[in-house]
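>>> When you get a sec, could you give me coordinates for this:
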Amino acid sequence: MTNYEELANLLFSQIDKTPEYYEELYPPRQLKEDARVTRFAPSPTGFLHFGNLFTCAVAYTTARQSGGVFYVRVEDTDSKRKVDSAVSSMLKSLSDYGINADEGVVAEDKEIGDYGPYRQSERKEIYQTYAKRLVEQGLAYPCFCSAEELEKIREQQQNEDIKGYYGKYAKCRNLSLEQVKANIDTGMPWTLRLRSPGDMNKKCRFDDIIKGKIEMPENVIDVVLLKTDGIPTYHFAHAIDDHLMRTTHIFRGDEWIASVALHLQLFRVLGFKQPKYAHIAPIMKEENGGKRKLSKRKDPEAAVTYYTEQGYPKDSVNEYIMTIANSNFEDWRRANKDAPIGDFPFNPKKMSVSGTLFDIAKLSDVSKNVISKMKAEEVYSQSYEWAKEYNTPLAELYEKDTDYITAILNIDRENKKTRKDITKWSDIPDYLSYMYDETFVSCYDLTGNADPALAVNVLEKYKDIFDINDDKEHWFDRMKAICPDCGCTPNVKEYKQNPEAFKGHIGDVSTVIRVALTGRTNTPDLFFITALLGEERVSKRLNLALEHYKSV
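This is a model prediction of the structure:
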């Protein structure tokens, strides 16, 4: 029988600490009984995907509402795939949507918290300490198989149900201490493998928070725990990190379900209490009558930066995330119109088992509602911050006259039923373009009963009686007053009763004036638009429109 303690000292002579040292260094957190500790554990390999944001929002909300902790751990052991500034980019994206970690990596070069280091590349000694203990217990062993030998094993297993390094294929599982010493003396590289206690005739069972009860065959593969450079594999590192950082709930994509049998086995052999798993179905997108996963390669909206660049307010995105995370959120929102989103009693057990459908149109509807409830000052503030980074011409317009732009944004905003013209901040340049001479583009297309002949008649009469000092009632009375001379009725109901008797009604008259002043047939309140445009600008546009219709 191999002397496991001697083998452990041979493999890890540099390790002088024990697991008990780290258990004492990172004690259980002093939190209330039901508090949940969750995490975001990205690899620094690229941008934040919408699916990452969705998962983070769920994990963050779970921790927040339970009085727990949400932390960020960076899994950066694969130096070949590391992208510079990827961590800071992901953290900024999270922060843009109100997700700020309680501890862990909070900036590219900053950590906070008592359970660090929070970068796996700085935890090598911790992993090797636990690896040494597994060797001492006979639960791990060095493997000297070359890449060529492993490839031969794969070829031999082509027709087998189970593939991997196990049983008769585990060539190094029973090497003697002398054989190990001889291999090391000759400089042979080695990996450390788990001596799996799994039985292929037994099942691994667990209760997933989202998907319910799941069972699968136990893991029988002697997986690699440490690579030849002493760096751990993801499976080994995550088990140790989640234990020592006292993670209670792990939210992750359901592609990881296949690894649960291994992960639970690792928790058991390491002597750890296992966390609760919640496997989230992928974000789906409709395409050609079917569904597919939201794709980093195909879909611009897959990148979280897309929403920032387009100018979706963070509250809009967060509302949408809760809409697709819990089916009862919309009912709650209707009953709690002005409540902060944090008051929603989020329940991960009510998440979709099969996959959530991403719908940009639904996001837009949600965002319109969110923006419509904002005060003009808030719309100004948020859209100005967006414009400074993504639309310099708009920012320059804002800077010309803050009071003017705020007044524009306030049109119809304080009504009982607010308009919903703005979906995102990138809509604003078009939304207010007619309020500035430098961005106004005339368009004289008419709708309803309005035609060029009626337009000429209306404009000739209106330009002479228009008074910028009118209040809303007198302003509207002047439009009604010119109706009879234009062959129209000031009463829409009267027109509907006898349309042949009139060329149009007050709505057609106002359409002519609206088109002349804004180039549009649908705008917010025309009276307030007129008042803000001012007498000189209004008179000029009325005359230009009149010249156009006369030339038609």
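>>> In the stretch 1-150 of the chain, what residue spans correspond to strands?
With DSSP state E, counting those that start in this stretch, the ranges of strands along the stretch 1-150 of the chain come out as 37-40, 69-72, 103-107, 110-112, 140-143.
>>> Please work out which of those strands is packed deepest.
strand 37-40 (a mean of 26; mean count of other CB atoms under 10 Å). Heads up, the C-betas are built off the backbone N, CA and C, glycines and all.
>>> mind listing what it pairs with, with the direction of each?
The sheet places strand 37-40 alongside strand 69-72 (parallel), with pairing taken from DSSP bridges.
>>> mean confidence for the partner strand?
Strand 69-72 carries an average pLDDT of 98.
>>> got it, and stretch 80-98?
Averaged over stretch 80-98, pLDDT sits at 88.
>>> How about stretch 432-444?
For stretch 432-444, mean pLDDT is 95.
>>> Can you check the distance spanned by that stretch, start to finish?
Distance between the two ends of stretch 432-444: 18 Å, counting by CA to CA, to the nearest Å.
>>> Could you list the buried residues of that stretch?
Of the residues in stretch 432-444, Leu432, Ser433, Tyr434, Met435, Tyr436, Phe440 count as buried by neighbour count, 16 or more other CB atoms under 10 Å.
>>> What pLDDT is listed against the residue most central in space within the chain?
Centroid-nearest residue in the chain, with CA atoms, centre = their mean: Leu53, separated by 3.2 Å. pLDDT recorded at Leu53 is 95.
>>> Now it. Nearest residue, chain neighbours left out?
Spatial nearest neighbour of Leu53, chain neighbours left out: Val304 (5.0 Å); criterion: CB to CB, 6 or more residues apart in numbering.
>>> And for Glu301?
Among residues not flanking Glu301 along the chain, Ile360 sits closest, at 6.1 Å (CB to CB, 6+ apart).
>>> re earlier: can you lay out the buried residues of stretch 432-444 as TSV showing distance to Asp525 and secondary structure?
Converted to TSV, these look like this (distance: CB to CB, whole Å; DSSP: H, G, I helix; E, B strand; the rest coil):
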residue	distance to Asp525	secondary structure
Leu432	14	coil
Ser433	17	helix
Tyr434	14	helix
Met435	13	helix
Tyr436	18	coil
Phe440	18	coil
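>>> so can I have JSON lines of these showing distance to Pro345?
Converted to JSON lines, those look like this (distance: CB to CB, whole Å):
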{"residue": "Leu432", "distance to Pro345": "39"}
{"residue": "Ser433", "distance to Pro345": "43"}
{"residue": "Tyr434", "distance to Pro345": "45"}
{"residue": "Met435", "distance to Pro345": "43"}
{"residue": "Tyr436", "distance to Pro345": "46"}
{"residue": "Phe440", "distance to Pro345": "48"}
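>>> got the CA positions of stretch 457-465 in PDB?
C-alpha atoms of stretch 457-465 as PDB (Å, rounded to 0.1, in the frame of the first residue of the first chain):
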ATOM      1  CA  ASN A 457     -56.600  78.600 -46.500                       C
ATOM      2  CA  VAL A 458     -55.800  77.800 -42.900                       C
ATOM      3  CA  LEU A 459     -52.300  79.200 -42.900                       C
ATOM      4  CA  GLU A 460     -53.300  82.500 -44.600                       C
ATOM      5  CA  LYS A 461     -55.900  83.100 -41.900                       C
ATOM      6  CA  TYR A 462     -54.000  81.700 -38.900                       C
ATOM      7  CA  LYS A 463     -50.800  83.600 -39.400                       C
ATOM      8  CA  ASP A 464     -52.600  86.900 -39.100                       C
ATOM      9  CA  ILE A 465     -54.400  86.100 -35.900                       C
END
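>>> Can you tell me, leaving aside adjacent residues, what's nearest to Thr418?
Ser372 (4.4 Å).
>>> check contacts around the one you found.
Counting by CB atoms under 8 Å, 6 or more residues apart in numbering, Ser372 makes contact with Arg413, Thr418, Arg419, Lys420, Ile422.
>>> which among those gets closest to Tyr462?
Arg419 (24.5 Å; CB to CB).
>>> Doesn't that closest one lie inside a helix?
No - counting by DSSP: H, G, I helix; E, B strand; the rest coil, Arg419 is not found in a helix; it is coil.
>>> ok, it touching Asn410?
No - taking contacts as CB atoms under 8 Å, Arg419 lies outside contact range of Asn410: 11.4 Å.
>>> any chance you could map the strands in the stretch 151-300 of the chain?
Taking DSSP E, counting those that start in this stretch as the test, the strands found in the stretch 151-300 of the chain are 191-194, 203-208, 212-217, 224-226, 249-253, 276-280, 283-287, 290-293.
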